[in-house]
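S.K.: next one to model:
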Amino acid sequence: MAVHKPSGMPVHRGGRESASCTALLQTLRDMLDRHVYPVHRLDRPTSGILLLALTPDAASHLGGQFRRHEVDKAYLALVRGYIPLRGVLSRFLRPEDKKNGLPRFSITRYHRAESVEIPVPMGRVSSRCYSLVELHPETGRSRQIRRHLKSFSHPIIGDTTYGDGRHNRFFREAFGCQRLMLAATRISFLHPHSGHRLHLSLPPSVDFCRVLVQLGMEAEGAQD
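M.R.: The predicted structure follows:
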């Protein structure tokens, strides 16, 4: 099954931040009255498509596709600055949950979908520019997209860990943006039983698209 995870909802309980929050897995188990198995993850502040399995066999099959990089995923992100039209972000990333873990190679391909310049000064600059980017991670490291874009000097708007506090504050005050502007919009994988390739897609949620509209960017078919 695939669901649209909202921004701010943790996939499962764990850690101080999500201990008191409603977790997606528990919500789905209560709704379906059965166990569900996550086969990949989305960070708590990221919204979009999340794939789950209904049986252990399906979970094992789908998990193997993720490990072998046979699953294609696409994300949309609103970032600071005028990012180049297209490119590849790659670097070695150290596991965040292991103090002594070895760095692992990671790669994300991207292309710029749209950009906008707004006449609002910041410091010595008389205007500021933002880009809407589609990203395709080819590896699945922890917070890979967020860390890649930070290292490329184009952090995601609303990212309180890897972002730019001045721009985050501007978006909160000017546009009421209270979320990370990152959304998983497409996923393609082999069905665990039929073997047919499935292509699932959905537009970003309403709160994501509302910010784009206020910037004068295209935002069609928002999901509430």
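S.K.: strands of the protein, start to end?
M.R.: Assigned by DSSP state E, the chain shows strands spanning 2-5, 37-38, 47-53, 72-80, 86-93, 104-118, 128-137, 182-190, 197-201.
S.K.: farthest residue from the center of this structure?
M.R.: Distance from the C-alpha centroid of the chain peaks at residue 124, with 31.6 Å (Cα atoms, centre = their mean).
S.K.: where does that residue land on pLDDT?
M.R.: Reported pLDDT at residue 124 in the predicted model: 85.
S.K.: again, but for residue 179
M.R.: 97.
S.K.: check residue 97 too.
M.R.: 65.
S.K.: what's the weakest-modelled helix or strand in the chain?
M.R.: Lowest on mean pLDDT, DSSP states H and E among the helices and strands of the chain sits helix 15-18, with a mean of 52.
S.K.: list the contacts for the residue lying closest to residue 50 once chain neighbours are set aside?
M.R.: Residue nearest to residue 50 in three dimensions, not counting chain neighbours: residue 5, with 4.5 Å by Cβ to Cβ, 6 or more residues apart in numbering. All C-beta spots, glycine's among them, are computed from the backbone N, C-alpha and C. Neighbour list for residue 5: 11, 24, 42, 46, 47, 48, 49, 50 [criterion: Cβ atoms under 8 Å, 6 or more residues apart in numbering].
S.K.: mind putting those in JSON lines, distance to residue 120 and pLDDT included?
M.R.: Below are those laid out as JSON lines (distance: Cβ to Cβ, whole Å; pLDDT from 0 to 100):
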{"residue": "11", "distance to residue 120": "36", "pLDDT": "92"}
{"residue": "24", "distance to residue 120": "36", "pLDDT": "93"}
{"residue": "42", "distance to residue 120": "31", "pLDDT": "93"}
{"residue": "46", "distance to residue 120": "27", "pLDDT": "97"}
{"residue": "47", "distance to residue 120": "26", "pLDDT": "97"}
{"residue": "48", "distance to residue 120": "29", "pLDDT": "97"}
{"residue": "49", "distance to residue 120": "33", "pLDDT": "97"}
{"residue": "50", "distance to residue 120": "35", "pLDDT": "96"}
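S.K.: export those residues as a markdown table, with columns for distance to residue 68.
M.R.: A markdown table is the format used below for these (distance: Cβ to Cβ, whole Å):
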| residue | distance to residue 68 |
| --- | --- |
| 11 | 22 |
| 24 | 25 |
| 42 | 20 |
| 46 | 23 |
| 47 | 26 |
| 48 | 22 |
| 49 | 20 |
| 50 | 20 |
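S.K.: nearest to residue 176, of those residues?
M.R.: Each of the contacts of residue 5 was checked against residue 176 using Cβ to Cβ; the closest is residue 47, at 16.3 Å.
S.K.: dump the residue contacts of that closest one.
M.R.: Residue 47 makes contact with 4, 5, 6, 7, 179, 182, 183, 184, 204, 205, 208 under the criterion Cβ under 8 Å, 6+ apart.
S.K.: pretty sure residue 41 contacts residue 14?
M.R.: No - contact criterion Cβ atoms under 8 Å: residue 41 and residue 14 do not qualify, at 11.4 Å.
S.K.: just want to know which of the two has more residues nearby.
M.R.: Neighbour totals were compared for residue 41 and residue 14, and residue 41 leads with 15 against 10 (other Cβ atoms under 10 Å).
S.K.: measure the residue nearest to that one when sequence neighbours are not counted to residue 116 for me?
M.R.: Leaving out its chain neighbours, the residue that sits closest to residue 41 by Cβ to Cβ, 6+ apart is residue 11, at 5.8 Å. To residue 116, residue 11 is 32 Å away according to Cβ to Cβ, to the nearest Å.
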